[in-house]
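Participant: Compute the structure for the input listed below.
(chains A and B, ligands or ions: 2)
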Amino acid sequence: MAVAEAGPAADRAGEAARLMASGGNDVVVRLKGIGKVYASGALQVTALADIDLEVRRGEMVAITGPSGSGKSTLMNVLGCLDRPTAGVYELGGRNVARMGDDDLAAMRNRFLGFIFQNYNLLPLQSAQQNVELPLIYRGMSGRARREAARAALAAVGLSDRTHHRPAELSGGQQQRVAIARALAAQPEVLLGDEPTGNLDTHTGSDIMALIQRLNEQGLTVIMVTHDPRIARHCRRVVSVTDGRIVSDEAVTDRLMAEAGATAQVSA
Amino acid sequence: MNVAEAFRLAWGGILANKLRSFLTALGVIIGVGAVITLVAVGQGTTQQITQRLSALGSNLIIVFPAPNKGVRLTAADAANAQSQVPYLTASMPVVSGGVTVAWQAQSYSTSLNGVTPNYPQLRNAPVGEGSFFTAQDVQSRSLVVVLGQTVVQQLQMTGDPVGQTVSVNGYPAQVVGVQATIGGSTGGQNQDDVVLMPYTSAQRILGTAYVNQLYFQVNNGNDAALATAWLQAIFDHQFGRAQSVNVLSQDQLLSTVASTTATFTLLLGAVAGVSLLVGGIGIMNIMLVSVIERTREIGIRKAVGARRWHLLAQFLFESATLSCLGGLIGIAAGIFGARAIAQSGSYHAVVTTGSVVLAFAFAAVVGIVFGLWPAMQASRLDPIVALRHE
Ligand SMILES: Nc1ncnc2c1ncn2[C@@H]1O[C@H](COP(=O)(O)OP(=O)(O)OP(=O)(O)O)[C@@H](O)[C@H]1O
Ligand SMILES: [Mg+2]
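Facilitator: Residues are numbered from 1 along each chain as shown, chains lettered A, B, ... in the order given. Ligands and ions are numbered 1, 2, ... in the order given. Have a look, this model is predicted:
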């Protein structure tokens, strides 16, 4: 409750202080021995096993791996959408692995921005209204909300599409609305599960350029991709196989995406 | 998120599918409308009957033979009882039967009441033209009549009916008076549709030596209960059996009628209430479908940080708003329905504030109660499962 209702500035200051107190490092995400076992009837599926992972502020991490390796499961745990069955997950210095539903909702609302492969926008609401959504649940007043949403849409280059509904936007534009929705909440971490998965190479490149720029500005990014080329846009690549981390390397030959004609970034 | 915000979200949900929202509310509209209209008819009928019974005459006690007891009353019983029972200030034997009245070429079937000259005073039925017959007429079995307004109209009598001669079952009778219009009917009998005669003459025409009813009057209503008991005792003694006659005071009649019509109103209201309940189940049904249909939306809202109560509030407000809106439209429909029925003339309908408030409150409660389960379903959805929902 207190987390979600406090002003963003005060909260960030408090968070910084907490991080300083907890050892002075700037680890935003810390997974220790995370496991996830799905029990479907008699059958037990181990989707994640003994995952240790630390992500520092300002990093841009790609999680890759073959299909069924547990990438999405890991992403859901990171995104506080799901609880692990083992281990400790510290987000912003708090163990969220054992939190209740409403506390998890507050963590998502406060610390995380989520973008999905299929955008997940509300179809009957305008871009502006979609971007305002997380702010409603934060208890922000109508005017502040509209301001923040407008600024976020401007930051992704969609100032001229605020009143369009998702169906009236291209896939790339829809994903940028989703990014604006994540940004409006001023998250600690931007999480993406195959954010370019539904987009053609050119538009995907636009989105990657936008994400890279946000990362340059200090936003921590963790994204799942099965595409090695997309992964090379990040600074670090974590590979998962059968629910375990098999490699964790810095990207040496990093690709910088070109912002195309569709993304006249103005921020 | 405050109440206004929850309401705004709910309103968005309602507007998103206007036709379905209307159809959902229709159950409540019909339910509330039916409650208000039917209770209004019940109340109107009660009022009407009560008014007519009061108009029957004040402090009246009516005695008539109990069915299947082989008891028959005579005119002498009236005078006899009056002399024995204190409190009684007047008595009147009544003999009645169906007759055909004819005037010139017109003839008309109506009921004949053989009475005594205190009829106008006992029944609150003043004479409009001419005069009532006299005690002398009763004694001499004169063939004189006082006509009700309906009879005058049906016979299409031209000029002053008073002084003319009509035929009653073939007996020529002179019209001495015409009743003032009473209006309405009691127990199916139009009080203007009647021919009055001295009971002695009526007995002659109907071929009987007995009477059908005895009317008594008490000085004030407080004496009615005592007089009733006394009359019952006298006649039971006279005929040698218990409950030989039925003795009804006007108070008793009123309270009997009142309790009957109250039951009637309650039944009407209950039937309508059931339809309101069905309307509530309709809301629940649609809301459950809506929750399933909007699983993805719920998942998205949860993913960006909506807590359980946010979704609970959104869906609960949606069903409550639907049922309250339905309630408001239903009130308008109910009042309109009651007016239409009253104007059609066959029933009286009186819309009471009580029924309006009750129906609306019931609708609101129905919306909340039946919206609670779907709203809880929405709030409990697992965000991952909800997001994967196609
Ligand atoms: N709800 C569930 N119940 C049971 N098993 C599940 C559930 N969700 C995922 N799994 C299993 O967990 C494993 C990891 O699934 P996950 O979706 O994380 O894979 P992924 O790496 O995202 O694959 P993809 O690249 O195809 O999206 C799979 O074997 C999957 O079958
Ligand atoms: Mg996946």
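
Participant: A:Arg56 against A:Val189, yeah?
Facilitator: No: A:Arg56 is not in contact with A:Val189 according to C-beta atoms under 8 Å; the separation is 10.8 Å. Bear in mind the C-beta positions are built from the backbone N, C-alpha and C, glycine included.

Participant: Can you pick out the residue with more neighbours from the two?
Facilitator: Between A:Arg56 and A:Val189, counting by other C-beta atoms under 10 Å in any protein chain shown, A:Val189 is the more crowded of the two (23 against 14).

Participant: is it true that that one touches A:Phe111?
Facilitator: Yes: using C-beta under 8 Å, A:Val189 is in contact with A:Phe111, at 6.5 Å.

Participant: Okay, strands next: where are they in chain A?
Facilitator: All strands of chain A, identified by DSSP state E, fall at A:27-40, A:43-56, A:60-64, A:86-91, A:94-95, A:112-116, A:189-193, A:220-224, A:236-241, A:244-250.

Participant: oh sorry, the question was meant for chain B
Facilitator: For chain B, the strands defined by DSSP E cover B:60-65, B:88-103, B:106-115, B:127-130, B:144-147, B:165-168, B:171-179, B:185-186, B:189-190, B:194-198, B:213-218, B:245-249.

Participant: Could you list the buried residues of the third one?
Facilitator: The one in question is strand B:106-115. Residues of strand B:106-115 classed as buried: B:108, B:110, B:112-115 (neighbour count, 16 or more other C-beta atoms under 10 Å in any protein chain shown).

Participant: and that strand, which strands flank it?
Facilitator: strand B:88-103 (antiparallel), strand B:194-198 (parallel) (DSSP bridges).

Participant: how close does A:Ala155 sit to ligand 1?
Facilitator: Distance check for A:Ala155 against ligand 1: by C-beta to the nearest ligand atom, to the nearest Å, it reads 29 Å.

Participant: list the residues that contact both of A:Val189 and A:Phe111?
Facilitator: Residues touching both A:Val189 and A:Phe111 (C-beta atoms under 8 Å, 6 or more residues apart in numbering or on different chains): A:Leu91.

Participant: Close to ligand 1: what parts of chain A are there?
Facilitator: A:38, A:40, A:45, A:47, A:65, A:67-73, A:226 (C-beta under 6 Å from any ligand atom).

Participant: okay, who's weakest in the residues you listed by pLDDT?
Facilitator: By pLDDT, A:Ser40 ranks lowest within the residues of chain A next to ligand 1, coming in at 82.

Participant: contacting residues for that one?
Facilitator: By C-beta under 8 Å, 6+ apart, no residues touch A:Ser40.

Participant: Identify the bridge partners of it.
Facilitator: Beta-bridge partners of A:Ser40, as defined by DSSP bridges: A:Leu43.

Participant: per-residue confidence at the residue most central in space within chain B?
Facilitator: Most central in chain B under C-alpha atoms, centre = their mean is B:Thr45, positioned 2.2 Å from the mean C-alpha point. Per-residue pLDDT puts B:Thr45 at 85.

Participant: My read is that it contacts B:Ala342, right?
Facilitator: No: here B:Thr45 lies out of contact with B:Ala342, judged by C-beta under 8 Å, at a distance of 11.1 Å.

Participant: I'd like to know how many residues surround the residue in the stretch 51-200 of chain A positioned nearest to chain B.
Facilitator: At 2.4 Å from chain B, A:Asn109 is the closest residue in the stretch 51-200 of chain A, using C-beta to the nearest C-beta. Neighbour count for A:Asn109, taken as other C-beta under 10 Å: 26.

Participant: OK, contacts around the residue nearest to B:Ser290 when sequence neighbours are not counted?
Facilitator: Among residues not flanking B:Ser290 along the chain, B:Pro374 sits closest, at 7.1 Å (C-beta to C-beta, 6 or more residues apart in numbering or on different chains). Counting by C-beta under 8 Å, 6+ apart, B:Pro374 makes contact with B:284, B:287-288, B:290-291, B:315, B:319.

Participant: B:Pro374 and A:Ala105, how far apart?
Facilitator: Between B:Pro374 and A:Ala105 the computed distance is 20 Å (C-beta to C-beta, to the nearest Å).

Participant: Give the ranges of residues in the chain that sit below the confidence cut-off.
Facilitator: Using chain A here. A:1-25, A:260-267 (pLDDT under 70).

Participant: meant chain B actually
Facilitator: In chain B, residues with pLDDT under 70: B:1, B:55-58, B:183-189.

Participant: Please repeat the previous calculation with a cut-off of 50.
Facilitator: Applying pLDDT under 50 to chain B flags residues B:187-188.

Participant: In it, what residue lies closest to chain A?
Facilitator: For chain B, C-beta to the nearest C-beta, closest residue to chain A: B:Gly305, 2.4 Å.

Participant: Quick check: phi and psi at that residue.
Facilitator: When read as degrees, to the nearest 10, the backbone of B:Gly305 gives phi 120, psi 10.

Participant: Tell me, how many residues neighbour it?
Facilitator: Neighbours of B:Gly305 (other C-beta under 10 Å): 26.

Participant: quick one: which of the strands of chain B is nearest ligand 1?
Facilitator: strand B:185-186 (75.1 Å; C-beta to the nearest ligand atom).

Participant: Which helix in chain A has the most residues?
Facilitator: For chain A, the helix reaching the highest residue count under DSSP state H is reported as helix A:201-216.

Participant: what angle separates that helix from strand A:189-193?
Facilitator: Here helix A:201-216 points in a direction 160 degrees away from that of strand A:189-193 (axes from the mean of the first three to the mean of the last three C-alpha atoms, to 10 degrees).

Participant: what's in contact with helix A:201-216?
Facilitator: A:58, A:60, A:156-157, A:170-172, A:175-176, A:179, A:183, A:190, A:192, A:195-196, A:199, A:221, A:223, A:230, A:233, A:235, A:256-260, A:262-263, A:265, A:267.
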